[in-house]
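In: Turn this into a model:
(chains A, B, C and D)
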2 protein chains.
Amino acid sequence: MSRSLTLAERVAEAGERLTPIERRVAALVLEDSTVLAFGTVAEVAERVDASGPTIVRFATKLGFDGYSALQQEARCSLSEQLKRPTDRIRRRPTGDVWQQARSSAIDGVEAAFDQVVPEDIDRLAEPLAATTGRIWIVASENSAAAQVLAGGLRVLRPGVHHLTGSTAAIAADLADAEAGDVVVAIDFFRYERAVVRTTETLAGLGATVLVITDGAFSPLTAAADVWCAIDVPAIGPFDSALPAVAVVEALVAEVAHRLPSQATERIDRAEALWSTEGIFHDD
Amino acid sequence: MSRSLTLAERVAEAGERLTPIERRVAALVLEDSTVLAFGTVAEVAERVDASGPTIVRFATKLGFDGYSALQQEARCSLSEQLKRPTDRIRRRPTGDVWQQARSSAIDGVEAAFDQVVPEDIDRLAEPLAATTGRIWIVASENSAAAQVLAGGLRVLRPGVHHLTGSTAAIAADLADAEAGDVVVAIDFFRYERAVVRTTETLAGLGATVLVITDGAFSPLTAAADVWCAIDVPAIGPFDSALPAVAVVEALVAEVAHRLPSQATERIDRAEALWSTEGIFHDD
DNA sequence: TGCTTTGTGTAATAGTTGCTTCATGTCTCG
DNA sequence: CGAGACATGAAGCAACTATTACACAAAGCA
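Out: This next block holds a predicted model:
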């Protein structure tokens, strides 16, 4: 490899071999790179409540000759960082794709928060928090927003069904639907027939229909009790899921805000279950 | 006077009273402020071909107590210079749930695009575009980013496998894995054991491992050939998937950029299939 | 020429520096 | 319970630090 490793990479490489105190050192120097560039061994040691030798050992464990070598590396990378901002503008050709993706993403999210006003979120969140029936989430198969919504609501309350996969399976699920249920339909241009039909079916059963789509011409709005529209920008050749995910996350936060006790209780129980099941990497 | 003078101002103020050698010192430190921040008296002295005391006298003539005071001033101004572009990320959101969600979302996406530089995307996109083997996407069950990545890559090229669901099903899928394949692992704090294990297994089979996670301490980085870190902000009681989705969408765009002919061809064929199958709402 | 004044370097000093060695404590595993 | 591996801090050391005091040299002025 031509270029030398960055500090974060060296920390990652040392990985498991780092002791608890050394991890504190790593966390400190990754958060604030100036402490290494400017500080002495004694100063770093005091910041993490350790002794000098611990800092030196940390440096050698990262592959440096000693603290001095580590410090010089930190100073070099800091100098680089100072020079960067100017030539960051005129970058390599791939930077075009990158810059375009960056501005599309940020603009798209900002636009979404401009289009969907707090009143919209209120009207969407209210049925989701209040209903005692089931919640059906209808969207195209790989809708990231639907997944975020389903995952979030499932933690907050029971009875959340994410309709996905084959139409046959959807039909079977739908057998349980009844009036008083709430439907959240999420779909955008080239509206999928299955999403539209399922939403219409559930509307016909008397469910409250909430719709997140991309404009008044969407076939979903016809069946909607409450709907909101967000523009979908392109990132490269694809539609961006970002604005929809942003709105859905805000919606989930609002629903959680309306179900404070119930939500925290459920979260705690889920957390306890996950821990005993050993879901996570650290005990 | 509220703020202390900058170095240039102090040099100007000292003005005529500076001796010839001291002027050389002034010229050097104004041209490259890092020599003061990082260097010792002896180093600065050598750079201008003078002796130590001359440097110290220069510092006192500028109004400092000694070289140490001058150096601290240089370090402070350098720190300021470093913080400026990024400190807007750290501002604490205030206000209601909606405003908090809004600023968390936008700040999180911006921060993600600051943390993951174009070089990172290059290194991640290259194997995804170049490999002739399979692509395995490993993430927790409801990772929106993984879904976006899988959905995007599946359109661009064949052999994309999104590992999700029960561990038994994963194990069955893994039977096909071999050296030359590419793994993309996406997971964040409270790293799921299944994700870590699956990634390690695939790494052991000789696959190239790309990792998107939240820092050098992630257990995923140990097995990674290439990794990038993004911070995960909270939206309400949940972690936000937004930054990860943003990065993944940019990554997909970059891969598409590298596979122009192959990608458009596949997209056209898929489009034709969807139409004949009547997937979409309008004929 | 003498006598300051000014600019500079040399030498000495007290304090720090990073680093090594060694001893203490704290786990783990048989 | 005890043996070993391990993480950590205390003490000490050689090298270096900034700073000071002093010596020397050149220039200005009488």
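In: tell me what the helix or strand where A:I55 lies is packed against?
Out: A:I55 belongs to helix A:52-61 when elements are defined using DSSP states H and E. With contacts defined as 3 or more CB pairs under 8 Å, 6 or more residues apart in numbering or on different chains; DSSP states H and E, the secondary structure elements packing on helix A:52-61 are helix A:20-31, helix A:41-47, helix A:67-87. For every residue, glycine as well, the C-beta is placed using N, CA and C.
In: So which bits of the stretch 1-150 of chain A are right by DNA strand C?
Out: Contact residues, the stretch 1-150 of chain A versus DNA strand C (CB under 7 Å from any atom of the strand): A:40-43, A:52-53, A:56, A:59-60, A:65-69, A:71.
In: between those residues, which has the most around it?
Out: For those, the largest neighbour count, defined by other CB atoms under 10 Å in any protein chain shown, is 23 neighbours, found at A:A59.
In: Need the pLDDT of the residue lying closest to that residue once chain neighbours are set aside.
Out: Spatial nearest neighbour of A:A59, excluding adjacent residues (CB to CB, 6 or more residues apart in numbering or on different chains): A:L70 at 4.0 Å. Per-residue confidence (pLDDT) for A:L70: 93.
In: so A:L70 sits right up against A:L36, yeah?
Out: Yes: counting by CB atoms under 8 Å, A:L70 touches A:L36, with 6.5 Å between them.
In: Contacts for the helix holding A:I55, please.
Out: Helix A:52-61 is contacted from outside by A:14, A:17-18, A:21-22, A:25-26, A:41-42, A:44-45, A:65-67, A:69-70, using CB atoms under 8 Å, 6 or more residues apart in numbering or on different chains.
In: Show me which of the residues of the stretch 1-150 of chain A next to DNA strand C is closest to DNA strand D.
Out: Nearest to DNA strand D among these, counting by CB to the nearest atom of the strand, is A:P53 at 4.1 Å.
In: Using PDB, write down the CA coordinates of the helix holding A:I55.
Out: As requested, C-alpha coordinates have been extracted for helix A:52-61 and formatted as PDB (Å, rounded to 0.1, in the frame of the first residue of the first chain):
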ATOM      1  CA  GLY A  52       3.000   8.100  31.200                       C
ATOM      2  CA  PRO A  53       4.100   4.600  30.300                       C
ATOM      3  CA  THR A  54       0.500   3.700  29.400                       C
ATOM      4  CA  ILE A  55       0.600   6.400  26.700                       C
ATOM      5  CA  VAL A  56       3.900   5.200  25.400                       C
ATOM      6  CA  ARG A  57       2.700   1.600  25.300                       C
ATOM      7  CA  PHE A  58      -0.300   2.800  23.400                       C
ATOM      8  CA  ALA A  59       1.900   4.400  20.800                       C
ATOM      9  CA  THR A  60       4.100   1.300  20.300                       C
ATOM     10  CA  LYS A  61       1.000  -0.900  20.100                       C
END
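In: Return the distance of it from the chain's centre.
Out: Taking CA atoms, centre = their mean, to the nearest Å, one finds the center of helix A:52-61 at 36 Å from the center of the full chain.
In: cool, and stretch A:5-12?
Out: In terms of CA atoms, centre = their mean, the centre of stretch A:5-12 is found 25 Å from the chain centre.
In: Check whether that stretch comes near DNA strand D.
Out: No: using CB under 7 Å from any atom of the strand, stretch A:5-12 stays clear of DNA strand D, coming no nearer than 14.6 Å.
In: near chain B at all, that stretch?
Out: Yes: counting by CB under 8 Å from any CB of the partner chain, chain B is contacted by stretch A:5-12 at A:A8, A:E9, A:V11, A:A12.
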